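Q: only geometry, no sequence info:
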């Protein structure tokens, strides 16, 4: 079986990378960071027009008609660029929540016991329950937002809210039982993109920064750090891509574990390669680390993934 990306898949990935580089390159990313702005609605609509959210909807419903494997490639690129916002929830809600597919609606996600990201900007709420998912909009959503309490967020791009009151019944979504698994896989894809990007950042810095008249990348300790980063990223890539093909719950759990580990440890090692510069606000390394920490607790935590893997062995 051939697991290499097809020409169409490579073109899709290149197109999304070009789009994000043009609309959320480093300059605009830093401007958004310093401005402390919420979700860029214009960018959200542009993503919708590009088919980011409707990628898996059938063409007869206005979608692109592609599959989960192609969605993984999109979210990998989103992770590379630190694109903020509840991308996964909006993607999963496309076709079920009005406007989500076109990028006209922002959909956040509520998982029991977890804070909700971007609730203040949300037009809809995807509520995950045992074996089901519901979509809450309109007055029921406004009631949730009114009772929610803002909490401090580790990631400066992600506002967090603690939902304290009851949540209205909402609309039961078809296939809701699989949405958590799909969300976990797409989160793993974002972690993979971040892990690959921090590897590139570390290698680039190691080739440019000089000490004792030589690039620090020539030192064995730095070589070992960069090699370890590459191994973790590629191991996670294999697991994420395979899980996108099989859609097996245990393989998705394994992919999330590996991608979370790669994203967090690669960001930490990238910071180590950068030295004192890596700790500064002007460097982007800390942004990847903070996002990786936050994302590792979303959709499928390490403990839940380990339980899923253990159950599959029984």
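A: Arrived safely. Owing to the predicted nature of the structure, the values given are computational and were not obtained by experimental measurement.

Q: So residue 173 versus residue 68, what's the distance?
A: Residue 173 is 17 Å from residue 68, where distance means Cβ to Cβ, to the nearest Å. In short, each C-beta sits where N, CA and C put it, glycine included.

Q: correction: residue 127
A: To residue 68, residue 127 is 22 Å away according to Cβ to Cβ.

Q: Equivalent analysis for residue 162, please.
A: Applying Cβ to Cβ, the value for residue 162 to residue 68 is 31 Å.

Q: cool, residue 174 as well?
A: 16 Å.

Q: and those two? which has more neighbours close in?
A: Ranked by neighbour count (other Cβ atoms under 10 Å), residue 174 and residue 68 place residue 68 first, with 17 against 9.

Q: May I see the buried residues of the one helix or strand residue 126 maps to?
A: In the assignment (DSSP states H and E), residue 126 maps to strand 124-129. Judged by neighbour count (16 or more other Cβ atoms under 10 Å), strand 124-129 contains these buried residues: 124, 125, 126, 127, 128.

Q: mind listing what the next helix or strand after that strand pairs with, with the direction of each?
A: Counting by DSSP H and E, the next helix or strand C-terminal to strand 124-129 is strand 132-137. Paired strands of strand 132-137, with direction, are strand 124-129 (antiparallel), strand 171-172 (antiparallel) (DSSP bridges).

Q: May I ask which helix or strand of this protein has the lowest mean pLDDT?
A: Ranked by mean pLDDT, DSSP states H and E, the weakest helix or strand in the chain is strand 210-211, scoring a mean of 80.

Q: Centre of the chain to that one, how far?
A: 35 Å (Cα atoms, centre = their mean, to the nearest Å).

Q: In its sheet, which strands sit next to it, and in what direction?
A: Paired strands of strand 210-211, with direction, are strand 214-215 (antiparallel) (DSSP bridges).

Q: Figure out how far the strand it pairs with is from the centre of its chain.
A: Centroid displacement of strand 214-215 relative to its chain, using Cα atoms, centre = their mean, is 35 Å.

Q: Give me the pLDDT value at the closest residue in space to residue 97 that isn't next to it in sequence.
A: Spatial nearest neighbour of residue 97, chain neighbours left out: residue 124 (4.4 Å); criterion: Cβ to Cβ, 6 or more residues apart in numbering. Looking at residue 124, its pLDDT reads 95.

Q: Kindly report the same for the one 5 residues further on.
A: Per-residue pLDDT puts residue 129 at 88.

Q: before we move on, what about residue 59?
A: Looking at residue 59, its pLDDT is 89.

Q: ok, now which ones touch it?
A: Applying Cβ atoms under 8 Å, 6 or more residues apart in numbering to residue 59 gives the contacts residue 65.

Q: Could you pull up phi and psi at it?
A: In terms of degrees, to the nearest 10, the main-chain angles of residue 59 are phi -60, psi -30.

Q: Report the contact partners of residue 247.
A: By Cβ under 8 Å, 6+ apart, residue 247 lies in contact with 68, 181, 185.

Q: gap between the first one and residue 280?
A: Put plainly, it is residue 68. From residue 68 to residue 280 the distance is 38 Å (Cβ to Cβ).
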